[in-house]
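# Just to be clear, the model below is a prediction. Sequence and coordinates:
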Amino acid sequence: MWSGKSLSVPCMSLPAMLQAKIQACPFYATNFAAAARTRKSCLNLILYADEAHGGNVLAATHARKATLVYASFVDLPVLHLESQWLTLAVIKRNESQQCVGGLAAVLSELMSFYRQETLHGIAVDVDQQPTLVFVSKVCFLADHEGVRAAMGCKGAAGIKPCVKCRNVLSGDRCSAVAGHVGIVETDFSKFWPMTQTEVDESVRILQSQPTQARLEEAEKLLGWNWTSLERSCLNRSSLRGWFDVEYIHFDSMHAYWSNGIIPQELGLWYDKVTR
């Protein structure tokens, strides 16, 4: 799986981290106990991945860039506080790039590890009461670049720019394909959601290409990078039903508001009114 040598990625044990958090933070313990009661001990795990630079952000070096993986439970009554999230792993970018499949392959191994850890439930003590909870499914949250790197999809530059929608095409290509819409479409009701079955079909098509040239053409048309997709969570049979494409979500606050279109529009507006 790796290019050249084995790569070890340190990560936290989810059951151990969860128990330590419950013991250290009374509010988290109360929040978690409420979710377990409401959901009858079947919780949905949410993973959030984002890149960060270590050291001086004004003079950041590429070698310090890393992807941080955070976790919480969607079912917690209070989810917006930083204290309600756990840091599970820090993946250095220059190390993940050495791996065949990149971040997608590393995250796939990470998810396989947590699948095995939680397969028979997570036993924790809440207020000295033993509680057994199960992880029903995993939701993955990231900005556009994070989803692209973690899942092996082509991204905004591809013909199929969105991993969530199977009928969205970039540019004006949609005019030539019935039922398809452009990336600038604002009517969400026109989007057809991507399913895991369709991802599996893309895998089958990409696997069957006889030459590199045919493979590259199929990648462009289907919107996938085969090297990453082959090793990603979406192509792991052991994760099927637990981590599927339907559970992937974009971090719109990060991509759209914080560092995306809104700041650009405000900048253009400010430039216009101050001239």
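Structure's in. What do you need?

# Not counting its neighbours along the chain, what's nearest Leu132?
Gly121 (4.7 Å; Cβ to Cβ, 6 or more residues apart in numbering). Using the backbone N, CA and C atoms, a C-beta is placed for each residue, glycine as well.

# Also Val203?
Asn235 (5.6 Å).

# roughly how far apart are that neighbour and Tyr270?
46 Å (Cβ to Cβ, to the nearest Å).

# before we move on, the earlier item: for the residue nearest to Val203, what are its contacts?
Residues near Asn235 by Cβ atoms under 8 Å, 6 or more residues apart in numbering: Ser108, Val199, Val203, Leu229.

# want to throw those into JSON lines with distance to Asp187 and secondary structure?
As requested, those are exported to JSON lines (distance: Cβ to Cβ, whole Å; DSSP: H, G, I helix; E, B strand; the rest coil):
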{"residue": "Ser108", "distance to Asp187": "35", "secondary structure": "helix"}
{"residue": "Val199", "distance to Asp187": "25", "secondary structure": "helix"}
{"residue": "Val203", "distance to Asp187": "30", "secondary structure": "helix"}
{"residue": "Leu229", "distance to Asp187": "29", "secondary structure": "helix"}
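
# most surrounded residue in the residues you listed?
With neighbours set by other Cβ atoms under 10 Å, the maximum within the contacts of Asn235 is found at Ser108, which has 26 neighbours.

# Next one: it relative to Leu234, how far apart?
For Ser108 relative to Leu234 (Cβ to Cβ), the value is 9 Å.

# again with Val138
From Val138 across to Leu234, the span is 12 Å (Cβ to Cβ).

# And for Ile122?
24 Å.

# Could you check which of those two is surrounded by more residues?
Using other Cβ under 10 Å as the criterion, Ile122 and Leu234 rank with Leu234 on top: 28 against 20.

# what does stretch 107-125 rub up against?
Contact partners of stretch 107-125, identified using Cβ under 8 Å, 6+ apart, comprise 9, 11, 13-15, 18-19, 22, 32, 41, 45, 49, 69, 88-89, 91, 101, 130-135, 138, 150, 231-233, 235-236, 238-239, 242-243.

# pLDDT averaged over that stretch, what's the number?
The average of the pLDDT scores along stretch 107-125 is 95.

# With only the CA atoms kept, save it in CSV.
Below are the C-alpha coordinates for stretch 107-125, written out as CSV (Å, rounded to 0.1, in the frame of the first residue of the first chain):
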residue,chain,number,x,y,z
LEU,A,107,-7.9,8.1,6.4
SER,A,108,-9.1,4.7,5.2
GLU,A,109,-6.7,2.9,7.5
LEU,A,110,-7.7,5.2,10.3
MET,A,111,-11.4,4.4,9.8
SER,A,112,-10.7,0.7,9.6
PHE,A,113,-8.9,1.0,13.0
TYR,A,114,-11.9,2.8,14.6
ARG,A,115,-14.3,0.4,13.0
GLN,A,116,-12.6,-2.5,14.7
GLU,A,117,-12.4,-0.6,18.0
THR,A,118,-16.2,0.1,18.0
LEU,A,119,-17.5,-3.0,16.3
HIS,A,120,-18.9,-4.5,19.5
GLY,A,121,-19.7,-1.2,21.2
ILE,A,122,-17.9,1.2,23.4
ALA,A,123,-18.0,0.6,27.2
VAL,A,124,-17.7,3.7,29.3
ASP,A,125,-18.5,4.8,32.8
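
# Quick one: the strands in the stretch 51-200 of the chain, in order.
Counting by DSSP state E, counting those that start in this stretch, the stretch 51-200 of the chain has these strands, from start to end: 65-73, 86-92, 122-126, 129-142, 168-169, 181-182.

# Go through those strands and name the closest to Leu221.
Proximity to Leu221 (Cβ to Cβ) singles out strand 168-169 among the strands of the stretch 51-200 of the chain, at 10.1 Å.
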